[in-house]
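> structural data only, the sequence is not supplied:
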């Protein structure tokens, strides 16, 4: 059942990304271009996501367990460190240069654009390299 809910959630997320234009690198770059032909429309998409989260999180987290899981998996780390800041900078640079972040990039694969496949391949390679360099593939109990 969990896999079906995950599939439905992923499809809904991908549809929302496509509908909002977040799978279009040109639209994303237009949003990030504050000194040129700035396109503020994605701010409404992000604002809508933040608004829904602010409203619903307080109700959801009052539950002892999630609807479709055995436990909530929330971050426990609250400090900023070099690894977090470096990762955020690399993510931001990739988003700004490529016009896509991971979710929209995966959704964009459905369009069959070879450039998107190269982007996703580079993204996956970066994830694997980061995991190898940080020992992230070690199994935890």
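Thanks, I have the structure now. Because the structure is predicted, anything quoted here is derived from the model rather than measured.
> which secondary structure element contains the spatially closest residue to residue 42 that is not a sequence neighbour?
Of all residues not flanking residue 42 in the chain, residue 31 sits nearest, at 4.2 Å (CB to CB, 6 or more residues apart in numbering). Placement of C-beta: from N, CA and C, glycine included. Following DSSP states H and E, one finds residue 31 within helix 25-32.
> just checking, what packs against the next helix or strand after that helix?
Where DSSP H and E defines the elements, the next helix or strand beyond helix 25-32 is helix 41-60. The contact analysis (3 or more CB pairs under 8 Å, 6 or more residues apart in numbering; DSSP states H and E) places helix 41-60 against helix 25-32.
> all helices for the chain, in order.
With helices called from DSSP state H, the chain shows them at 2-20, 25-32, 41-60, 82-98, 102-108, 114-134.
> angle of the third one against helix 2-20?
So that's helix 41-60. On the basis of axes from the mean of the first three to the mean of the last three CA atoms, to 10 degrees, helix 41-60 is oriented at 150 degrees to helix 2-20.
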